[in-house]
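Engineer: Quick one: sequence and predicted model below, then my questions.
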Amino acid sequence: MPRPSVEAERKEQILAAACTVLADKGFTALRIADVAKEIGTSTGTVHYYFDTKRDLTTAAFEWNFARSLERRQHILDLHDDPRSELRAFVESYLPTDEETVRAWHVWAELWVEALHDAELARLNERVYGAWRTIVRSIIEHGQRVGHFRAGDPTSMANALISMIDGLSLQVLLGSEQLGVDQMRAVCDQALASFDVPVAT
């Protein structure tokens, strides 16, 4: 049996590989053999950690979310001003680099499967709840210090998150009307609406 540290590292590699395959081939086409091939191991090794494709993909969806937050923790640690913090947080979700694009593809696969799977729908609700809490807390901070306008912070967070989701899907689908630059402009406009107007 592998040592605990080796097990953790190998499991991480498998989950990262599963996300790559999910992004490239989609949930339906994913095979355990594809995941094993991605990291140069055997299907038996993958099955050592995950009994079924369902076990693997569910864990991969959760890992994708955890990794997304991990990549953005520095934003939450870096900014004292809630306006710059929220802008940087939103900017980090624009599909402008390979890792972010891949993460969005995995999200999209989760959404499609969750339409027909109550367990995955609950997973989506759980991880979105965590994301919503982060965005809401930034908005609440901004309201407390007088940088953001008054309003229900949960509704404001929901509106912002839903907008990012919808815009990102259009970018991923290669919309001729809505690319990354247009998405950024729409997000900037929405974020500006949160700010307390400067007195003149």
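Structural biologist: Now that the structure is in, tell me what you want to look at. Numbering: from 1, shown residues only.

Engineer: Tyr96 falls within a helix, correct?
Structural biologist: Careful, residue 96 is Thr; it's not Tyr. No. According to DSSP: H, G, I helix; E, B strand; the rest coil, the state of Thr96 is coil, so it is not within a helix.

Engineer: Which residue, other than its chain neighbours, is closest to it?
Structural biologist: Closest residue to Thr96 in three dimensions, ignoring its sequence neighbours and counting by C-beta to C-beta, 6 or more residues apart in numbering: Val180, at 5.6 Å. (Glycine included, C-beta is placed from N, CA and C.)

Engineer: Please name the residues that touch that neighbour.
Structural biologist: 94-96, 171 (C-beta atoms under 8 Å, 6 or more residues apart in numbering).

Engineer: do the same with Arg71
Structural biologist: 92, 99.

Engineer: Name the SS class of it, please.
Structural biologist: helix.

Engineer: quick one: contacts of the strand or helix carrying Ala23?
Structural biologist: Element membership of Ala23, judged by DSSP states H and E, is helix 4-25. The list of residues contacting helix 4-25 from outside it, by C-beta under 8 Å, 6+ apart, reads 2, 30, 34-36, 38-39, 41, 45-46, 49-50, 56-57, 59-60, 63-64, 67, 101-103, 105-106, 109.

Engineer: next one: stretch 181-192
Structural biologist: Under C-beta under 8 Å, 6+ apart, the answer for stretch 181-192 is 83, 86-87, 90-91, 94, 159-160, 163-164, 167-168, 170-171.

Engineer: List the buried residues in it.
Structural biologist: By neighbour count on 16 or more other C-beta atoms under 10 Å, the buried set for stretch 181-192 is 183, 187, 190-191.

Engineer: For the helix holding Ala23, buried residues please.
Structural biologist: 10-11, 13-23.

Engineer: again with stretch 102-121
Structural biologist: 102-110, 113-114, 117, 120.

Engineer: next one: stretch 81-93
Structural biologist: 82-83, 85-90, 93.

Engineer: Then stretch 143-151?
Structural biologist: Neighbour-count burial for stretch 143-151 [16+ other C-beta under 10 Å]: 143, 147-148.

Engineer: I appreciate the help and will end here.
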